[in-house]
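Undergrad: Predicted structure and sequence below. I'll ask about it afterward.
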Amino acid sequence: MLSGCAQPPTWQSPPGPQVAPLCDNPCFIPIADPARAWETVVDVIDDYFKIEREEPVRLAGNTLIEGRIDTFPKVGATMFEPWEHDSANGDERVESTLQSMRRKALVRVMPAQGGYWVDVAVLKELENLPRPEFATAGAATLRYDDSLVRVVNPVGAQPPTMNWIPQGRDPALEQRILGHLLARCGGSALRVGSPW
């Protein structure tokens, strides 16, 4: 009887602004000042990822050149990390808990009349390991079915894992970032004509 009034757990979706179901990507932000627009975009992206490289919007002669933000890959937030925002919903959190997932973002900021178009691409990758990383039996297990062999160093240096399988884009996180950006800019998630 009491369970009918209970709220669902809030750990499944990270805190933040509610995202409209269909934000355009790229979306239009109505900020005319290039420095303010750039700082707003960087501040929003920094809430989700650590930024690796920034090329801000700049003036070349009489023309504004588009800016770009590249982020470091970030291991997906699990169900045990509710403070992380890079897993956009409960399904993504369960997937990141059961498998090694990582994401990185590529953001383009393109000048337009009266504001900027912001294109967010979040790429998702799955880690490919030859065997479970913390298995109790594996390559370091010695064999006992042969004659005696002296083993000097049974476990050698382990190479860093470089095997990541691209899983495509993560539209749920893209929509979350765009919704957060539009909320910060005072815009709405209404469809505005795309530059393409």
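TA: Sure thing, it's come through. Residues are numbered from 1 along each chain as shown.
Undergrad: buried sites along the top helix by length along the chain?
TA: Taking DSSP state H as the criterion, the chain has its longest helix at helix 171-185. For helix 171-185, the neighbour count (16 or more other CB atoms under 10 Å) marks 172-185 as buried. All C-beta spots, glycine's among them, are computed from the backbone N, C-alpha and C.
Undergrad: quick one: contacts for residue 56?
TA: Taking CB atoms under 8 Å, 6 or more residues apart in numbering, we find residue 56 in contact with 34, 38, 67.
Undergrad: Could you tell me which ranges of the chain sit under the pLDDT cut-off?
TA: The chain contains residues with pLDDT under 70 at 1-22, 131-161, 187-196.
Undergrad: Burial check on residue 91, number of neighbours?
TA: Residue crowding around residue 91 was assessed by other CB atoms under 10 Å; the count is 11.
Undergrad: Tell me who's in contact with it.
TA: By CB under 8 Å, 6+ apart, no residues touch residue 91.
Undergrad: Quickly find the element holding it.
TA: helix 90-98 (DSSP states H and E).
Undergrad: next one: residue 87
TA: Judged by DSSP H and E, residue 87 forms part of no helix or strand.
Undergrad: Settle this for me: it is touching residue 96, isn't it.
TA: Yes: counting by CB atoms under 8 Å, residue 96 is a contact partner of residue 87 at 5.3 Å.
Undergrad: Please identify every residue contacting each of these two.
TA: Shared contacts of residue 87 and residue 96, defined by CB under 8 Å, 6+ apart, comprise 76-78.
Undergrad: Between the residues you listed, which sits nearest residue 52?
TA: residue 76 (17.6 Å; CB to CB).
Undergrad: was I right about the closest one contacting residue 85?
TA: No: look at residue 76 against residue 85 with CB under 8 Å: they stay out of range, at 11.0 Å.
Undergrad: neighbour count winner among the two?
TA: Each of residue 76 and residue 85 has its neighbours counted (other CB under 10 Å); residue 76 has more, 23 against 20.
Undergrad: residues touching that one, list them.
TA: 86-87, 92-93, 95-96, 100-103, 124.
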